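Q: what's the 3D shape of this:
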Amino acid sequence: MCGGTIWTLVFKRSTHRVNRKMLTVACMLPLFSTVHIVTNMIRVIQGLILYRDSYKGGPIGYFSDLSQWTFVAKNHVFTAQTLIGDGVVPYRCYLVWQSKLVMILPVLLWCTVATTGIATTYTASKVTHDSDKIFGGTISQWIASFFATTLATNILTTLLLASRIWYIDRKVRRLYVSCEFTMWPILQIIIDAGVIYSLTLWQRLFAI
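A: Numbers count the residues shown, from 1 in each chain. Below is the predicted model:
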């Protein structure tokens, strides 16, 4: 998917200039995903093999220590990946709406996601070996706030983007009755992606 997106942005563009912003995002998202997976693999190997006897309680004791660099690093990477991904949709909304007024609430929500994400990673790095605190107290509230604001941002921006495309498509069809071009395939992709991502966030939010 990453290769297809990059190929489309570089070789299938409708203009002579490459959209450097979207190309940068298309490269950074899989890069962060790869780093996140590798960090998780290192953490699993350390907890189950290398340091299984170095902590009280064995692997459980290791994984309960959230101050480990692997846990802190993967949370920072996940937060950065989420901010980049969530920032793409408001940007596309602005391109479609061409209105700064419409973007006020999505941008504020995105800033809230950034705030709760940074607070979550910082608070998690301060948790000690006590595993009961992982999903309890302050850390639980920050995690819930992070996923809740991410969910709200995704729903709002998807609705804004989809409604604007639907309105333009309807207006074009009224002006040009014989026009066979339709934006419904684009609209379906946007809605499907928004629904899948929202359901994933909803599941994570209620799993806390």
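Q: buried residues, stretch 90-101. List them.
A: 90, 91, 92, 93, 94, 96 (16 or more other Cβ atoms under 10 Å). The way it works is simple: take the backbone N, C-alpha and C, and place the C-beta from them, glycine included.
Q: for the second one, list the residues it contacts.
A: For residue 91, the contact set (Cβ atoms under 8 Å, 6 or more residues apart in numbering) comprises residue 21.
Q: list the contacts of residue 81.
A: 29, 32, 33, 36.
Q: from those residues, pick the one nearest residue 152.
A: Of all these, residue 29 has the smallest distance to residue 152: 21.1 Å, by Cβ to Cβ.
Q: now do the helix or strand containing that closest one: distance to the chain's middle.
A: Per DSSP states H and E: residue 29 is located in helix 20-45. Distance of helix 20-45 from the chain centroid (Cα atoms, centre = their mean, to the nearest Å) equals 12 Å.
Q: select the longest helix from this protein.
A: helix 138-175 (DSSP state H).
Q: and the next helix or strand past that one?
A: helix 184-207.
Q: restricting to C-alpha, output that following helix in CSV.
A: C-alpha atoms of helix 184-207 as CSV (Å, rounded to 0.1, in the frame of the first residue of the first chain):
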residue,chain,number,x,y,z
TRP,A,184,-19.3,8.5,-5.1
PRO,A,185,-16.4,6.0,-5.3
ILE,A,186,-14.2,8.6,-3.6
LEU,A,187,-16.9,9.3,-1.1
GLN,A,188,-17.2,5.6,-0.3
ILE,A,189,-13.5,5.2,0.3
ILE,A,190,-13.4,8.2,2.7
ILE,A,191,-16.4,6.9,4.6
ASP,A,192,-15.1,3.3,4.7
ALA,A,193,-11.7,4.4,6.0
GLY,A,194,-13.3,6.7,8.6
VAL,A,195,-15.6,4.0,9.8
ILE,A,196,-12.9,1.4,10.1
TYR,A,197,-10.6,3.7,12.0
SER,A,198,-13.4,4.9,14.3
LEU,A,199,-14.4,1.4,15.2
THR,A,200,-10.8,0.6,16.0
LEU,A,201,-10.5,3.6,18.3
TRP,A,202,-13.9,2.8,19.8
GLN,A,203,-12.7,-0.7,20.7
ARG,A,204,-9.5,0.6,22.2
LEU,A,205,-11.3,3.2,24.2
PHE,A,206,-13.7,0.7,25.8
ALA,A,207,-10.9,-1.8,26.4
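Q: show the buried residues in the contacts of residue 81.
A: 29, 32, 36.
Q: measure the second one to residue 77 for me?
A: Pointing back at residue 32 there. Per Cβ to Cβ, to the nearest Å, residue 32 is found 5 Å from residue 77.
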